[in-house]
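Participant: build the 3D model from these lines:
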Amino acid sequence: MKNVVYLVTGAAGFLGSNICAQLLERGERVRAFVLEGDKSAQYLPEEVEIVYGNLCDKASLKPFFTVEEGVTTVCIHVASMVTVNPYYRKALLDVNVGGTANIIDLCLEHEECQKLVYVSSTGAIPELPHGQRITEVEEVNLDQVEGWYSKSKAMATNNVYTAIRERGLKACVVYPTGIMGPNDYALSETTSTIIKIIKGEMPAGIDGSFNMVDVRDLAAGCIAAADKGRIGEGYILGNEVIRFKTMSKIISQEAGCKPVKFFLPIWAAEMIARSMERKAAKTGKMPLMTTFSVYNLKRNNEFDYSKAVRELGYSTRPLDVTLRDQIKWLKENNLI
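Facilitator: Take a look at the predicted model:
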């Protein structure tokens, strides 16, 4: 019996499953917390112990945290609701804030829990003007972040830091940027966009930029935070900014497809998004484009991840390597 159990929430998700795989590769004992009915759980390695439950149901988390006498735990809290849909405000708060509060309580109730790594988001860090690199913060004014997803992550992050200061929680925080790479069985928004480009189903893009990291590098960064992250500290896990146009060209080169030819200027995309949102408010349907999704392409995406490099040994692979591996995986799974 191993003396340490790694407790991973959101383990069936894109990042969580990669964290589980890397922990198993180095011989660790891994226990996964998975939402009941999540079909992606079938892709978890059989060595992973699975506990089914709901973050919002504190009682369902108790078996997840319970271990044998003499065994310690490290919790990596990845589970989160991710959406740009403005109609899901209550669900975002219930899962991302309320669920994280339950995780904090359970970590404190179980003395054998040696550390919590909370996976926040760079969206929870207030934006700085273009030309300035954004760094970690310990407390966020919610009025300084855009969108209810980012606000929910900022609220949860503030609660983690408060528990560290006032309740003795042993925790650190990581702030990932965007995620991409192979093994994305849930087909995230980024992967879906890549598929559309390859299939020629994206007549136009938006002339903006984003910050994307290979999921395998993010997983390694989260594990490094569990190993080396200092209590009470935060670490941005980011990459260099890339423009949508540049990524389209790389995809074209790697997949042998035609690149996106036309890119809407940001101002035009904002107008279209506002119009779509007005129509969606009347019909109750999700708009194809939201002002928040356009904002994420317009905003300053320059994040300073030097602290993670310095303290955690964090590193990232070139984007063309990530895209090559992702396209190979999509082909192997008959998705393109």
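
Participant: CA only for contacts and neighbour counts going forward, please
Facilitator: Will do.

Participant: low-confidence stretches in the protein?
Facilitator: Filtered on pLDDT under 70, the chain yields the residue ranges 1, 83-87.

Participant: show me where it has helices.
Facilitator: For the chain, the helices defined by DSSP state H occupy 14-25, 58-65, 89-92, 99-109, 148-167, 189-199, 215-228, 244-255, 266-283, 291-298, 306-312, 319-332.

Participant: please name every helix or strand in contact with the second one.
Facilitator: Where contact means 3 or more CA pairs under 8 Å, 6 or more residues apart in numbering; DSSP states H and E, helix 58-65 is packed against strand 29-35, strand 49-53, helix 99-109.

Participant: what's the most buried one of those?
Facilitator: Greatest average neighbour count among the helices and strands packed on helix 58-65 goes to strand 29-35 (a mean of 23), per mean count of other CA atoms under 10 Å.

Participant: now that one against strand 49-53, angle please.
Facilitator: Counting by axes from the mean of the first three to the mean of the last three CA atoms, to 10 degrees, strand 29-35 lies at 20 degrees to strand 49-53.

Participant: who does strand 29-35 touch, helix- and strand-wise?
Facilitator: The contact analysis (3+ CA pairs under 8 Å, 6+ apart) places strand 29-35 against strand 4-9, helix 14-25, strand 49-53, helix 58-65.

Participant: could you redo the ones you listed as JSON lines and give each row distance to E139?
Facilitator: Formatted as JSON lines, the helices and strands packed on strand 29-35 follow (distance: least, CA to CA, whole Å):
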{"stretch": "strand 4-9", "distance to E139": "24"}
{"stretch": "helix 14-25", "distance to E139": "25"}
{"stretch": "strand 49-53", "distance to E139": "30"}
{"stretch": "helix 58-65", "distance to E139": "26"}
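
Participant: which of these is buried the deepest?
Facilitator: Here the criterion is mean neighbour count by mean count of other CA under 10 Å, and of the helices and strands packed on strand 29-35 the winner is strand 4-9, at a mean of 23.

Participant: returning to what we had before: closest to W267 out of the helices and strands packed on helix 58-65?
Facilitator: With CA to CA as the criterion, W267 lies closest to helix 99-109 of the helices and strands packed on helix 58-65, at 36.4 Å.

Participant: relative to helix 148-167, how tilted is the closest one?
Facilitator: Using the same axes, to 10 degrees: helix 99-109 against helix 148-167 is 20 degrees.

Participant: packing partners of helix 99-109?
Facilitator: Judged by 3+ CA pairs under 8 Å, 6+ apart, helix 99-109 is in contact with helix 58-65, strand 72-77, strand 113-119, helix 148-167.

Participant: list the contacts of the shortest one.
Facilitator: With contact meaning CA atoms under 8 Å, 6 or more residues apart in numbering, strand 72-77 is reached by 3-10, 65, 100, 103, 107, 112-119, 222, 226.

Participant: for stretch 123-143, buried residues please.
Facilitator: Of all the residues in stretch 123-143, those buried under the rule 16 or more other CA atoms under 10 Å are 123-128, 134-136, 139-140, 142.

Participant: including distance to I50, could the helices of the chain go into CSV?
Facilitator: Listed next are these as CSV, based on distance: least, CA to CA, whole Å:
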stretch, distance to I50
helix 14-25, 11
helix 58-65, 8
helix 89-92, 24
helix 99-109, 17
helix 148-167, 25
helix 189-199, 26
helix 215-228, 19
helix 244-255, 36
helix 266-283, 39
helix 291-298, 34
helix 306-312, 28
helix 319-332, 25
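
Participant: closest to R31 out of those?
Facilitator: Per CA to CA, nearest to R31 of these: helix 58-65, 7.5 Å.

Participant: on that earlier part again, closest one to G205 among the helices of the chain?
Facilitator: That would be, of those and by CA to CA, helix 244-255, which comes in at 7.5 Å.

Participant: packing partners for that closest one?
Facilitator: Packing contacts for helix 244-255, counted by 3+ CA pairs under 8 Å, 6+ apart, involve helix 189-199, strand 204-206, helix 319-332.

Participant: which non-adjacent residue is nearest D38?
Facilitator: Nearest residue to D38, sequence neighbours excluded (CA to CA, 6 or more residues apart in numbering): A12, at 7.4 Å.
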